[in-house]
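In: Structure for this input, please:
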Amino acid sequence: MELHGSTPANGDVAAKLTRMLEISVELNSMAELDTLLTVIMDAATELTGAEAASVLLLDPRTRELYFAAASRGSQPGLVGMRVPLDSSIAGGILRTEQPSIVSDVSQHPRHHEQIGKAVDHETRSLLGVPMLAEGHRVGVLEAINKRGGEFTQEDIGTLTSLASLAAVAIHRAGLIAQLKDANEQLAELDRLKSNFIAIASHELRTPLAIILGYANLLKRDVKGEELDQVFEAAMRLRTLMEGMFNLQYIDAGKSQLTLSRFCLARLVREVTEDQRKLTEAKEQTVRVRLPKERCEVTADRESVRLVLVNLISNAFKFTPGGGNIEISATKRRDEVWISVRDNGIGIPQALQARVFNRFYQVEPPMTRYHGGLGLGLAISSELLELQNGRIWVESEAGQGSEFTFALPLSEEAGPTDPVSED
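Out: Numbers count the residues shown, from 1 in each chain. The predicted structure is shown next:
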C-alpha cells in the first residue's frame with residue numbers, strides 16, 4: 001500500500017539524518033540485547049511520530065515470531081507472546097521481506113485479537129518493516145498508531161533505515177551472546193579436564209611406584225624376558241603419567257601458582273630419592289652434590305618439583321644403562337642454580353634452542369625410540385619464567401647434556417639446616 005506525504009523541509013531531513021547517525025553510534029556501542037531493544041523502540045516512536053513500537057524476533061527453531069520488546073504502556077504479558085509466520089501481519093512482512101502499512105488493523109484478515117488485547121491502548125494503524133542482516137531474517141520492527149494522520153512513504157524509509165541498523169546490532173548481540181556462552185562452556189570443560197588430569201595422575205602415582213619398586217627388586221634376583229617386558233610397560237605408563245602432569249600446567253599462568261618459601265636443595269634430594277628406583281633399574285650411577293647451608297627460594301613448590309622430575313627423567317631416558325647422572329645445587333650470588341648432567345646421547349648444537357618448544361622432539365617422529373609428548377622441557381621453561389627463573393642447556397652430540405635452571409634466593413636468609421652429600 002503506497003501513501004504519499006508532503007516533502008519534508010531540508011531542516012527536518014538534516015535533523016532526522018543527524019538523529020539517525022546518533023542512534024547508529026549508540027547501537028554499535030551496545031552488546032546487551034535488552035538495552036538495544038529499548039533504544040530501537042524509543043527511536044522508532046520518535047522518528048515516525050508513532051504512539052508505540054514493538055520488536056518481534058524470529059525463533060529459528062519453531063519458525064515463529066515472538067515479541068521481544070514492546071513500548072512503555074503495553075501489558076507485561078505481551079513480551080514473549082508468539083505469532084505464526086504464515087498467518088500474521090508481521091509474518092507476512094518477514095516472509096516477503098517487504099514493508100507494509102496497515103491503515104485499519106481491525107479489518108486486516110491476519111490481525112490477532114489476543115495481541116490487541118495485550119496492548120494497553122487500541123491498535124488502529126501499523127507500519128511494519130523487516131529486519132534483515134547478512135542474509136538472515138532477524139525479525140520485524142513495528143510502529144503503532146501514527147499521531148495526527150497516517151503513516152507515509154517517508155515513515156517507511158525512516159523505519160527501514162532504523163530496522164537495518166537494528167538488525168545488524170541485534171545479530172551482532174546474538175553472536176556475542178553465543179560466543180560468551182561458548183567461552184563459558186570451554187572454561188568449564190577446561191576446569192573438568194584439569195581436575196580429571198590432577199586426580200588421575202595422583203591416583204596413578206602410588207600404584208605405579210609399587211609396581212616399579214617390586215619390578216626392580218625382582219630384576220636383581222630373576223632374569224627373564226617377561227620381567228623386562230613388565231618393567232618396560234611400567235616405564236611407558238610412567239612416561240604417560242609425566243605427560244599428564246605436564247598437561248596440568250599448560251597455559252596455567254600465575255593465577256594457578258601457590259607461592260611458598262622452601263629449601264630448594266632439600267627438594268632436590270626428595271625428588272632424587274623418588275627417582276632412584278628408575279636409575280637403579282638401568283644400573284645408572286647418580287651422584288648428588290648439594291650445599292651444606294639451606295637454599296631458600298619463594299616459588300610454587302609443586303611446579304618446581306615438576307621441573308626437577310622432568311630434567312631427571314630426561315637424563316634417565318637419554319642415558320644408556322650403566323651411564324652417569326650428576327645432580328647439583330649451587331648458590332650463585334642472589335640465585336640458586338640446579339644442574340642435571342648426564343653422559344647420554346647429547347643434543348646437536350643446531351637443535352638446542354628448539355628443545356624448549358612445545359611438542360618438539362629431537363628424534364624423528366617415525367623412528368623415535370624414546371617415549372614422551374615433547375612437553376616436559378617446554379612446560380619447565382614456562383613455569384620457571386612465571387617465577388622469575390630461567391633454564392638453559394649445554395650439550396654436544398654423543399657427549400651428554402647438562403640442563404641448568406636458576407631461581408632467585410629469598411631475601412631473608414633461612415636457618416642452618418645441613419644437607420648431606422652423596
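In: C-alpha from now on. contacts and neighbour counts both.
Out: OK.
In: Model confidence for P365, exactly?
Out: Predicted confidence (pLDDT) for P365: 40.
In: try E382
Out: According to the prediction, E382 has pLDDT 88.
In: try F405
Out: pLDDT, F405: 97.
In: Ramachandran angles for it?
Out: The phi/psi pair for F405 (degrees, to the nearest 10) reads phi -130, psi 150.
In: Could you check which helix or strand contains the spatially closest residue to it that is not a sequence neighbour?
Out: Distances taken as C-alpha to C-alpha, 6 or more residues apart in numbering put I391 closest to F405, at 4.1 Å, once the chain neighbours are dropped. Using DSSP states H and E, I391 sits within strand 390-395.
In: residue contacts, Q349?
Out: Neighbour list for Q349: 395-397 [criterion: C-alpha atoms under 8 Å, 6 or more residues apart in numbering].
In: swap the cut-off to 6 Å and go again
Out: By C-alpha atoms under 6 Å, 6 or more residues apart in numbering, the contact set of Q349 is empty.
In: Likewise for K282?
Out: Contacts for K282 (C-alpha under 6 Å, 6+ apart) come out as G321.
In: Can you show me the helices along the chain?
Out: Using DSSP state H, the helices of the chain run over 10-28, 33-48, 89-96, 113-117, 153-221, 225-248, 264-281, 301-318, 376-386.
In: rank those helices by pLDDT, which is bottom?
Out: helix 113-117 (a mean of 62).
In: per-domain residue ranges of this structure.
Out: 10-182, 254-408 (automatic domain parsing).
In: Redo those domains as TSV? Include distance to L212.
Out: Converted to TSV, these look like this (distance: least, C-alpha to C-alpha, whole Å):
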stretch	distance to L212
domain 10-182	43
domain 254-408	7
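In: Could you say which one of those comes nearest to L204?
Out: Closest approach to L204 among those is made by domain 254-408 (14.7 Å; C-alpha to C-alpha).
In: and the gap between the closest residue to H108 other than its chain neighbours and T38?
Out: Leaving aside its chain neighbours, H108 sits nearest to V102 (7.6 Å; criterion: C-alpha to C-alpha, 6+ apart). To T38, V102 is 24 Å away according to C-alpha to C-alpha, to the nearest Å.
In: Check R354 too.
Out: Taking C-alpha to C-alpha, one finds R354 at 56 Å from T38.
In: Surely N145 is in contact with T48?
Out: No - using C-alpha atoms under 6 Å, N145 is not in contact with T48, being 9.8 Å away.
In: Pull the distance from stretch 175-189 to the chain's centre.
Out: How far stretch 175-189 lies from its chain's middle: 9 Å, per C-alpha atoms, centre = their mean, to the nearest Å.
In: same deal with stretch 50-64?
Out: Worked out by C-alpha atoms, centre = their mean, stretch 50-64 lies 34 Å from the chain centre.
In: for that stretch, which positions count as buried?
Out: 50-58, 64 (16 or more other C-alpha atoms under 10 Å).
In: just these now: which is nearest T152?
Out: Distances from T152 to these, taken by C-alpha to C-alpha, are shortest for A50, at 11.6 Å.
In: which residues touch the closest residue to I101 other than its chain neighbours?
Out: Closest residue to I101 in three dimensions, ignoring its sequence neighbours and counting by C-alpha to C-alpha, 6+ apart: L127, at 4.5 Å. By C-alpha under 6 Å, 6+ apart, the contact list for L127 reads 100-101, 142-143.
In: List just the nearest of those to N28.
Out: Taking C-alpha to C-alpha as the measure, E142 is the one of the contacts of L127 closest to N28, at 20.9 Å.
In: Now that closest one: closest residue in space that isn't a chain neighbour?
Out: G128 (4.3 Å).
In: what about that neighbour, how many residues close to it?
Out: G128: 27 surrounding residues under other C-alpha atoms under 10 Å.
In: what does D190 give?
Out: When neighbours are defined as other C-alpha under 10 Å, D190 has 12 of them.
In: and it, what does it touch?
Out: Residues in contact with D190 (C-alpha under 6 Å, 6+ apart): none are found.
In: Pull the most distant pair out of the contacts of L127.
Out: S100 and A143 (10.8 Å).
In: about what we covered before: would you confirm that the residue nearest to H108 contacts L126?
Out: Yes - using C-alpha under 6 Å as the test, V102 is close enough to L126 to be in contact (5.1 Å).
In: These two - which one has more neighbours?
Out: Between V102 and L126, counted using other C-alpha under 10 Å, L126 has the larger neighbour count: 22 against 19.
In: Please report how far that one lies from R269.
Out: Counting by C-alpha to C-alpha, the gap from L126 to R269 is 83 Å.
In: Then L386?
Out: According to C-alpha to C-alpha, L386 and R269 sit 24 Å apart.
In: More neighbours: which of these two?
Out: R269 (20 against 15).
In: Identify the residue nearest the more buried one in space, chain neighbours excluded?
Out: V288 (7.8 Å).
In: Okay, and the beta partners of the one you found?
Out: In this entry, V288 is beta-bridged to I327, by DSSP bridges.
In: How many residues are close by it?
Out: By other C-alpha under 10 Å, the residues close to V288 number 17.
In: how close does it sit to L57?
Out: For V288 relative to L57 (C-alpha to C-alpha), the value is 72 Å.
In: Just the buried positions in stretch 203-216, please.
Out: Buried residues in stretch 203-216, counted by 16+ other C-alpha under 10 Å: 209, 212-213, 215-216.
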